[in-house]
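> Below is the sequence, then the predicted model.
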Amino acid sequence: MGTIEMTFYRQCTLTRGSTSQVAWIPEVLAKQDKYLRIEDENGWQVVEVGSKRLSGHYLAEHQREYMNHRRVTDI
């Protein structure tokens, strides 16, 4: 049997012009001063890389829990 490859993510601060956001991005792209294209927008710069590392499976599971919680609690 083959091994299962797991993708890890890092929480990063990204900026583009005067806009800033925090996002979990794949660890291979989480390099300070790297420029990224997010969806159709070029020019997002990684300005800070967090030290915490999480698996893609863990993030997906918690995103589903968060969205379910929002669905039942938001007006």
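Okay, I see it.

> So which residue is dead centre in this protein?
Centre of the chain computed as the mean C-alpha position; nearest residue by C-alpha atoms, centre = their mean is residue 24, 1.6 Å away.

> doesn't residue 8 make contact with that one?
No: look at residue 24 against residue 8 with C-beta atoms under 8 Å: they stay out of range, at 9.8 Å. Using the backbone N, CA and C atoms, a C-beta is placed for each residue, glycine as well.

> quick one on the thing from earlier: tell me the confidence at the residue nearest to the centre of the chain?
With respect to pLDDT, residue 24 scores 95.

> and the residue lying closest to it once chain neighbours are set aside, how many neighbours does it have?
Distances taken as C-beta to C-beta, 6 or more residues apart in numbering place residue 9 nearest to residue 24, at 4.3 Å, with adjacent residues excluded. Neighbour count for residue 9, taken as other C-beta atoms under 10 Å: 21.

> Next: residue 30.
There are 21 residues near residue 30, going by other C-beta under 10 Å.
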